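Visitor: coordinates for the following, if possible.
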Amino acid sequence: MDPEQSSLPHIEKIFRDFDLQDERRRKGFRAFFNSQSNTLHILLFILTFASTFFTAYLMHGNSVSGGLWFSSGIMSILLAHEMGHYLMCRKYRVAATLPYFIPFPILNPFGTFGAIIRMDGRIPSRKILFDIGAGGPYAGLIVTLPALYFGISWSTIVEIQTQSSGGFITLGESFLFKTISWLAIGELPAGYDIVLHPLGFAGWAGLFVTALNLLPVGQLDGGHVIYALMGRRSRYVYPVTLGMFILLSIWFFKGWALMAILLLVFGQEHPPTTDKETPLDRTRIGLALFVLLIFFLSFAPVPITVS
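Guide: Residues are numbered from 1 along each chain as shown. So this is what the prediction gives:
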């Protein structure tokens, strides 16, 4: 008997075993997610609500209403953002968890590091990857923009000379923030500034988080969108983004050096989708470009200044 023919059944068995093992891994992954208790999600939600409340409570002069306005605003924004991802995962039957909120009240003006969901890393196509990646920012903005508008409307306009001369925090204004501010209160008189209502600060934080999430690299939402749009060519965006943060840290805000370090640590690679070749349709290409526009409109080169 021909040796090559005698080896074929053995080779076919190896491939069948690999397929079975891969299918078992997929089933195990889905079973793990489906069997998860909601207790941890609820506990983290409560702890994060508490940490955001007490952070704002202290920041606004031991004001209970200030704590509640900020905490309710930022938690609603984060929940909307993560549920945008989660519902897209459910739509396409991609295994995913409910959001894990991250309480962090120490040395943090927001009282949280946001929220995340865990999902199966094997996304079937670039179309599905785009819908999942863009679903979060779009859903988050639906809550962020009204919070920002009403928060600015309820804010206090004061003369700059009356502000404290020590430990005063000035928030950077992105183009989108300036636009919403103009719609809410119009042009400020010369020599006046806005002391943000706690809900307005939650809206500002929502824009800040949106901009960071839309950075077009790695596993961030913007990384998903740019990979869905460009495929493997998206790796060329990474050095541009890294260089941008290095320049920003030199010329505008030294804090961006930390972002540059994080980009170096986590790298540029994005896991490929199962279908690597099929491009996005025209509608999604337009939506992807709009997502990237949102990044530039929401980004403030100098986010915080302490004087």
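
Visitor: show me the contacts for residue 109.
Guide: By CB atoms under 8 Å, 6 or more residues apart in numbering, the contact set of residue 109 is 55, 59, 169, 205, 304. (Each C-beta comes from the backbone N, C-alpha and C, glycine too.)

Visitor: pLDDT wise, what is residue 307 at?
Guide: Looking at residue 307, its pLDDT reads 67.

Visitor: ugh, wrong one, residue 108
Guide: 85.

Visitor: tell me the SS of the nearest residue to it once chain neighbours are set aside?
Guide: Excluding the flanking residues, the one nearest residue 108 by CB to CB, 6 or more residues apart in numbering is residue 55, at 6.9 Å. Three-state call for residue 55 (DSSP: H, G, I helix; E, B strand; the rest coil): helix.

Visitor: can you pull out the strands in the stretch 51-200 of the chain?
Guide: Secondary structure of the stretch 51-200 of the chain (DSSP state E, counting those that start in this stretch): strands at 100-103, 112-116, 156-159, 169-171, 192-195.

Visitor: just send the ones you listed back as CSV, with mean neighbour count and mean pLDDT too.
Guide: Converted to CSV, those look like this (neighbours: other CB atoms under 10 Å; pLDDT from 0 to 100):
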stretch, mean neighbour count, mean pLDDT
strand 100-103, 19, 95
strand 112-116, 19, 93
strand 156-159, 11, 87
strand 169-171, 15, 83
strand 192-195, 14, 88
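
Visitor: and residue 215, which of the ones you listed is closest to it?
Guide: Minimum separation from residue 215 across the strands of the stretch 51-200 of the chain (CB to CB) falls at strand 112-116, 13.7 Å.

Visitor: which helices and strands sit right next to that closest one?
Guide: helix 39-59, helix 64-91, strand 100-103 (3 or more CB pairs under 8 Å, 6 or more residues apart in numbering; DSSP states H and E).

Visitor: highest mean neighbour count out of those?
Guide: Across these, the average number of neighbours (mean count of other CB atoms under 10 Å) peaks for helix 64-91, which reaches a mean of 21.

Visitor: what sits against residue 112?
Guide: Neighbour list for residue 112: 48, 51, 52, 74, 78, 101, 102, 103, 104 [criterion: CB under 8 Å, 6+ apart].

Visitor: if we can go back for a sec, out of the helices and strands packed on strand 112-116, which is closest to residue 222?
Guide: Among these, if distance is taken as CB to CB, the winner is helix 64-91, at 13.2 Å.

Visitor: tell me the angle the host helix or strand of residue 225 makes with helix 64-91.
Guide: Using DSSP states H and E, residue 225 maps to helix 221-230. Helix 221-230 and helix 64-91 meet at an angle of 30 degrees, taking axes from the mean of the first three to the mean of the last three CA atoms, to 10 degrees as the criterion.

Visitor: and the following helix or strand past helix 221-230, what's buried?
Guide: Remark: after helix 221-230, the chain's next helix or strand is helix 237-251, criterion DSSP H and E. Within helix 237-251, the residues scored as buried using 16 or more other CB atoms under 10 Å are 237, 238, 241, 242, 244, 245, 246, 248, 249.

Visitor: which strands and helices sit next to helix 237-251?
Guide: helix 256-266.

Visitor: what about the helix it packs on, average pLDDT?
Guide: Rounded mean pLDDT across helix 256-266 is 84.

Visitor: for it, the distance to its chain's centre please.
Guide: Chain-centre distance of helix 256-266: 16 Å, with CA atoms, centre = their mean, to the nearest Å.

Visitor: same question for stretch 131-146.
Guide: Distance, centroid of stretch 131-146 to centroid of chain: 9 Å (CA atoms, centre = their mean).

Visitor: for it, which outside residues touch it?
Guide: Taking CB under 8 Å, 6+ apart as the rule, stretch 131-146 contacts 76-78, 80-85, 87-89, 91-92, 94, 119, 123, 180, 203, 206-207, 209-210, 213-214, 221-225, 228, 284, 287-288, 291, 294.

Visitor: got the buried residues for whichever helix or strand residue 296 is part of?
Guide: Assessed by DSSP H and E, residue 296 sits inside helix 282-298. Going by neighbour count (16+ other CB under 10 Å), the buried part of helix 282-298 is 284, 287, 288, 291, 292, 294, 295, 297, 298.

Visitor: thinking again about what came up before, turn the strands of the stretch 51-200 of the chain into JSON lines, including distance to residue 141.
Guide: Converted to JSON lines, the strands of the stretch 51-200 of the chain look like this (distance: least, CB to CB, whole Å):
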{"stretch": "strand 100-103", "distance to residue 141": "19"}
{"stretch": "strand 112-116", "distance to residue 141": "15"}
{"stretch": "strand 156-159", "distance to residue 141": "26"}
{"stretch": "strand 169-171", "distance to residue 141": "18"}
{"stretch": "strand 192-195", "distance to residue 141": "21"}
